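Novice: everything below, folded, please.
(chains A and B, ligands or ions: 2)
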Amino acid sequence: MTTAPTIPASVAVDGRSNLRAAPMIAVRGLKKRIGPQDILRGVDLSVAAGETLVIIGRSGGGKTVLLKNLIGLMQPNEGEIWIDGQSIIGLGERQLEAIRRKVGILFQGGALFDSMTVEENIAFPLREAGERDGRVIERKIAEMLEVIELEGQQKKMPVNLSGGMKKRVGLARAIINQPSCILYDEPTAGLDPVVSDSINRLIRRLQERYHVTSVVVTHDMKNAFHVGDRIAYLHEGRIYFHGTPAEIQASPDPLIQDFLIGRAALAD
Amino acid sequence: MVARFLTGIGGVVLAFFIYLGELVMLAAESVRSALTHRMRWRLFLRQMVDIGLLSQLVVVITGGFTGAVFAAQTYFQFNKLGVASGVGAVVSAALFRELGPVLTGLMVTGRVGAAMSAEIGTMKVTEQIDALRALAVHPVDYLVVPRMLAMMVSMPLLVAECIGFGLVAAYFVSVNLLDISGPYYVANMVRWTLMRDIIMGLTKGFCFAILIVFISCHKGLNSREGAVGVGRATTEAVVNASLAILISNFFLTMFLNVIFPAGWQ
Ligand SMILES: Nc1ncnc2c1ncn2[C@@H]1O[C@H](COP(=O)(O)OP(=O)(O)OP(=O)(O)O)[C@@H](O)[C@H]1O
Ligand SMILES: [Mg+2]
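Specialist: Numbers count the residues shown, from 1 in each chain, chains lettered A, B, ... in the order given. Ligands and ions are numbered 1, 2, ... in the order given. Predicted coordinates:
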């Protein structure tokens, strides 16, 4: 059975985050079909400013598609999306640019520019934002390399990086301009536990220090519990469950328990 | 049967006009972007190197050997008629009006057009275009405009270069290998090469630049489904651009002859 819970505009969350009234991201009845496949069948979401929402769900469940809809990389078939109080449905590519400057996204595969070195990738958003001062750029690159623990790798080309390194460079590129909202597509997948932990800390730090609003898509439950103020479970194209980490852990729902402990349904 | 045939034809025609419409939209977006947005000079210069500088060897060889063989064949025929010194005039007119622009266009399509659609297509299927868009950079601004401007500048120059080497090679073959009198050859060539020939050649080069860049970038931006898709996009870009050059060449010839009628200059 699936239910489509409607989430009130101002969501009460636990005391961990500092919330303003208006949600930074609001999604209503989002439906997305690609070809014959109904991928999203009515997603309702709301993320308050400064809050971190974790989205979990089965592989192929449409989490990446959902993130891409949020910044207009894909157009939904139905439904409404507001970012920072502005509806993005029907906006053209040029009109979306203002919104995209506020929102950083870490792609699942990194999506690095393969004709540029690591440092050029990281500095790309800075240069595009009009930063011309070489020293400022250099200092920020160094800062980012330290954050993602890739010092000394700045001259490498993306083809020569491991999957986890690409992901971290993609992360640096997503956050270097300090967007007020960041979408992470599986930030810790493919990383070793130590680096995973430092990425988790980074996500929390961005939230605590800069009040960044985040949406984190993940399979990694440790990651989900560490960074999430709230966790939403995307199942069959809808938000099947949402609640605080404590609530989701306490949920008796077998579907959710199967997901949390990693048990195949109908296992005998 | 007939109905199905007509529907089939209708579908093909419709698809063709949709394709044309997409190309025109891309061109319009690119021109608008070039006029209203900040120019990325670094990218433009890199494209100038890729397109203008690195195409020279290909263009020089094409021009040189075409001029040489055309001079030889013309000589073999003209010599029978006893007007061998007219070879220069014929070779020059042919190079300026048709051979120079068309062959340069075809060679640049193979070298540059293919690379454009492959590079942009790869960026498309590896989400790099999505990354650009997510970073609030319009792919047309970043990828198409620098290529468009570099092509517009480079192609007329490459055409001129191709023609130049063609003329030199033709002179060398005619005078040094085939015993045509040098001064007569040059005098006839200069007398019968008019300003309109030069303008036609360069105008055609400019028009072919536009065809190549938009057809190739459009295929790249619309490629899908991994490596196979990029390969298909590249092939289609080269085929479509080559056909577009050959077809438009005919209409350009007719059109330019109306604008610059015989006797003009
Ligand atoms: N561009 C596309 N064209 C066609 N189908 C697509 C496209 N993008 C995604 N899909 C389909 O949409 C469904 C959801 O894909 P999505 O990438 O959102 O899954 P996901 O939840 O992110 O999975 P994972 O956890 O493995 O990353 C899949 O069935 C996928 O095949
Ligand atoms: Mg995904």
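Novice: drop to CA atoms for contacts and neighbour counts, all remaining ones
Specialist: OK.
Novice: centre-most residue in chain B?
Specialist: B:Gly105 (2.5 Å; Cα atoms, centre = their mean).
Novice: wait, is that one part of a helix?
Specialist: Yes. Under the criterion used here (DSSP: H, G, I helix; E, B strand; the rest coil), B:Gly105 sits inside a helix.
Novice: contact residues of the stretch 101-250 of chain B facing chain A?
Specialist: With Cα under 8 Å from any Cα of the partner chain as the criterion, the stretch 101-250 of chain B meets chain A at residues B:Met123, B:Thr126, B:Glu127, B:Gln128, B:Asp130, B:Ala131, B:Arg133, B:Ala134, B:Leu135, B:Ala136, B:Val137, B:His138.
Novice: give me the mean pLDDT for the helix or strand hosting the fifth one.
Specialist: This points to B:Asp130. Assigning secondary structure by DSSP states H and E places B:Asp130 in helix B:128-134. Regarding helix B:128-134, the rounded mean pLDDT is 94.
Novice: and the next helix or strand past that helix?
Specialist: Toward the C-terminus, helix B:128-134 is succeeded by helix B:139 as the next helix or strand (DSSP H and E).
Novice: contact partners of that following helix?
Specialist: B:Ile129, B:Leu132, B:Arg133 (Cα atoms under 8 Å, 6 or more residues apart in numbering or on different chains).
Novice: check the gap between the last one and A:Gly104 for me.
Specialist: Right, the one you point to is B:Arg133. 11 Å (Cα to Cα, to the nearest Å).
Novice: more neighbours: these two, which one.
Specialist: A:Gly104 (27 against 20; other Cα atoms under 10 Å in any protein chain shown).
Novice: check which helices and strands the helix or strand hosting that one sits against.
Specialist: Assigned by DSSP H and E, A:Gly104 falls within strand A:103-106. If you count contacts as 3 or more Cα pairs under 8 Å, 6 or more residues apart in numbering or on different chains; DSSP states H and E, strand A:103-106 packs onto helix A:163-175, strand A:181-185.
Novice: hmm, A:Glu80 is touching A:Lys32, no?
Specialist: No. Judged on Cα atoms under 8 Å, A:Glu80 makes no contact with A:Lys32 at a distance of 11.4 Å.
Novice: more neighbours: the two, which one.
Specialist: Regarding A:Glu80 and A:Lys32, a neighbour count based on other Cα under 10 Å identifies A:Lys32 as having more, with 24 against 19.
Novice: now the one helix or strand the more buried one maps to, how far from the chain's geometric center?
Specialist: Per DSSP H and E, A:Lys32 falls inside strand A:23-34. Strand A:23-34 has its C-alpha centroid displaced from the chain centroid by 14 Å (Cα atoms, centre = their mean, to the nearest Å).
Novice: what's the burial count for the residue of the stretch 1-150 of chain B found nearest ligand 1?
Specialist: With Cα to the nearest ligand atom as the measure, B:Val125 is the residue of the stretch 1-150 of chain B nearest to ligand 1, at 9.5 Å. Number of residues near B:Val125 (other Cα under 10 Å) recorded here: 20.
Novice: A:Val159 too?
Specialist: Neighbour count for A:Val159, taken as other Cα under 10 Å: 13.
Novice: which stretches in the chain count as strands?
Specialist: The chain I'm using is chain A. A:23-34, A:37-48, A:52-57, A:78-83, A:86-87, A:103-106, A:181-185, A:213-217, A:230-235, A:238-243 (DSSP state E).
Novice: worst-scoring helix or strand of chain A, pLDDT-wise?
Specialist: Among the helices and strands of chain A, helix A:254-261 carries the lowest confidence by mean pLDDT, DSSP states H and E, at a mean of 80.
Novice: oh, that last question was meant for chain B, not what I typed.
Specialist: None of the helices or strands of chain B scores lower by mean pLDDT, DSSP H and E than helix B:182-192, at a mean of 83.
Novice: what is it packed up against?
Specialist: Judged by 3+ Cα pairs under 8 Å, 6+ apart, the packing partners of helix B:182-192 are helix B:87-94.
Novice: tell me the angle the helix it packs on makes with helix B:182-192.
Specialist: Here the directions of helix B:87-94 and helix B:182-192 differ by 40 degrees (axes from the mean of the first three to the mean of the last three Cα atoms, to 10 degrees).
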